[in-house]
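1. sequence below, structure please.
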Amino acid sequence: MLAKRFYAALVGQQSLVPNPEVDAIVERSSSALARSLSSRSASPEATVDAQTSGDSDVVAVHTDRVEVEQVREAGSVHVAHQMWERLGIGDILAKAGFDAKARTLAEILTINRLVRPCSEHATPDWVRRTAIGDILGVDVSKLGDDALYRHLDELHPQRGAIERGLVERERSLFNLEETLLLYDMTSTYFEGRCDGNPAAKRGYSRDHRGDCKQVVVGLALDGDGFPKAHEVFDGNTIDRTSIAAMLDVLEARMGKRGGATVVVDRGFAYDETLAEIRSRGYHYMVAGRPGERTPYLDEFEDEDGWREVVREPSPRNPAQTKSAVSIKRAARRAGEGEARILCHSEGRVEKDRAIREKHEGRLLADLEKLGERVTKGGLRSEAKIHEAIGRIKERYPRVARYWEIRFDASARALVWQQDEAKKEKATSLDGCYLIRTSRTDMTDEEIWRTYMMLTRVENAFRDMKGPLMERPIYHQLQRRVETHIFLCVLAYHLLVCVERTFLGAGIHTSWEAIRDALSTHQVVTVLLPATDGRTLRIRKGSLPEPEHKEIYRVLGIPEKLMTPIREWVET
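-> Prediction:
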């Protein structure tokens, strides 16, 4: 350990895990070495010694004994570090009170989530398998998971200040307008009992893991796709109940943006939610709930007034094909005070039908179970039976409206029958949806295209759960769960910075593709056995291949991974 620490001190690396006893020895030895070199440099003989000792660039070596060791992946780490520097996150952390070592730990945790996500327990091993120590100029040989866990706790109370600093930095760096705010929610589940986390609860799982406890994450982006704020809610939080708290967080991060348009999905399409948005001085745009389409059935069936608009493939998904949607403005009804756009998408017909049929299957299965309980006498109270029927209808509102469900008291049996006319009406609305907005100044197409930008939040959640591996969560303490999610958001800032730079250059790609391409750019140690019996060790980056060079050119970052380190060793 002393030899490694002494070598690190010589090449200027800082230690992330200080050892006062070892550091004292290193300091005394370094001082003695400095005095020795100083006295030698004062005499002409020293120059001759330095040249003959092999410090010249010209060295005679045994070419058949040249070897390479400590090969470490570096390209993706290099890009992540450069984006960290570009966004000035280190300066933001410094303003929040973090010292150099704490800033380095934060960068290591964030880069890990971007490059090769793993648990804090496994991160030290990942660190030593990469060139992150070389690129950051730190000694990571003794980094342990205890330091990382402690750092999670230090980051937790400063999450808001860091996020606010990033919003300000990105606003000036990318000239963001922030007139559009895209907000949505997702869930992320846990492994384990989570007894120490009061926010971990069972609720509607977007991950289809109803067997696990979860938390709900709200995320707001601007129209350019940059995160503005996030919040972690209890696992049983209903979407529409989060809007007031999320607007509070947004305003704390970016200031009040009066006149901005808040775009949300149909889970927020309730009068009290929209009233809350308007009371804050914002406009709203939301998709209507399925039941809200029914009053417009005649207008959906009317062939007049429709206009076809084409949706181009998303830059994030070049494989996506063009799709056409027909839209028209709904007839204005007295007292509405909003624009309502009717939309019909052939591409959504099959999706809507599949969802409806799935819900119908579940409705019938639950009715069968309830009917069996009633028949066998497991549920006797008529009031309780009606309550159970009501809960089933509430659980499947999309399909329950065209099923007549009742309790036959004389036969002590549950009876249900399909209303064919209502089902035909529901079927005719497959592929149809309604957009509501207080932006009455916008054209139909502008409203539709603006609402469709909400898919950027869906893409963000997909990235956080996919390449950034936000889920599953193994932490059991609430503060560490919240910091884990915060680090995923922090890594997403870097991801957006990379992808937006490529998109600005007219190149449609993803971080995953870039990361895979950079995996072959590495840092290595070259061993050159000299003819005088010693070996010259050179730690340096490999030459970038054309593919690497193009990535670095587009991002505007240097090709050089690190400053080479040369060391003579006796063999």
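2. for residue 207, what are its contacts?
-> Contacts for residue 207 (C-beta atoms under 8 Å, 6 or more residues apart in numbering) come out as 187, 188, 189, 214, 465, 471. For glycine as for every other residue, the C-beta is placed from the backbone atoms N, C-alpha and C.
3. meant to ask about residue 437, not that
-> 261, 283, 284, 285, 286, 338, 339, 341, 447, 451 are the contacts of residue 437 under C-beta under 8 Å, 6+ apart.
4. run the last query once more with 7 Å
-> Residues in contact with residue 437 (C-beta atoms under 7 Å, 6 or more residues apart in numbering) are 283, 284, 285, 338, 339, 447.
5. skip the chain neighbours and tell me the closest residue to it.
-> Excluding the flanking residues, the one nearest residue 437 by C-beta to C-beta, 6 or more residues apart in numbering is residue 285, at 4.1 Å.
6. is the one you found bridged to anything, and to what?
-> For residue 285, the beta-bridge partners are residue 263, residue 437 (DSSP bridges).
7. contacting residues for it?
-> With C-beta under 7 Å, 6+ apart, residue 285 has these contacts: 261, 263, 435, 437, 439, 447, 450, 451.
8. the helices in the stretch 301-450 of the chain, which residues?
-> 346-375, 382-395, 397-400, 420-428, 444-452 (DSSP state H, counting those that start in this stretch).
9. need the residues that contact the third one.
-> Defining contact as C-beta under 7 Å, 6+ apart, one finds that helix 397-400 is touched by 290, 291, 356, 359, 360, 363, 393.
10. where along the stretch 51-200 of the chain do the helices fall?
-> 75-86, 89-95, 100-115, 123-129, 132-136, 145-155, 159-174.
11. and the residue nearest the centre of the chain, what element?
-> In the chain, the C-alpha nearest the mean C-alpha coordinate belongs to residue 464, at 2.9 Å (C-alpha atoms, centre = their mean). According to DSSP states H and E, residue 464 maps onto helix 455-465.
12. buried residues, that helix. List them.
-> 455, 456, 457, 459, 460, 461, 463, 464, 465 (16 or more other C-beta atoms under 10 Å).
13. repeat that for stretch 510-523.
-> 510, 511, 514, 515, 517, 518, 521, 522, 523.
14. check stretch 190-204 too.
-> 190, 194, 197, 199, 200, 201, 203.
15. likewise stretch 348-363?
-> Here stretch 348-363 shows 348, 352, 356, 359, 360, 363 as buried, counting by 16+ other C-beta under 10 Å.
16. swap in stretch 238-245?
-> Going by neighbour count (16+ other C-beta under 10 Å), the buried part of stretch 238-245 is 239, 240, 242, 243.
17. surely the third one touches residue 185?
-> To tie it back to what came earlier, the one meant is residue 242. Yes: when contacts are counted by C-beta atoms under 7 Å, residue 242 is listed as touching residue 185 (6.4 Å).
18. need the overlap of contacts for those two.
-> Common neighbours of residue 242 and residue 185 are listed as residue 218 (criterion: C-beta under 7 Å, 6+ apart).
19. so what's residue 229 closest to, chain neighbours aside?
-> Using C-beta to C-beta, 6+ apart, the closest residue to residue 229 is residue 253 (4.3 Å).
20. what's the distance between the one you found and residue 102?
-> 22 Å (C-beta to C-beta, to the nearest Å).
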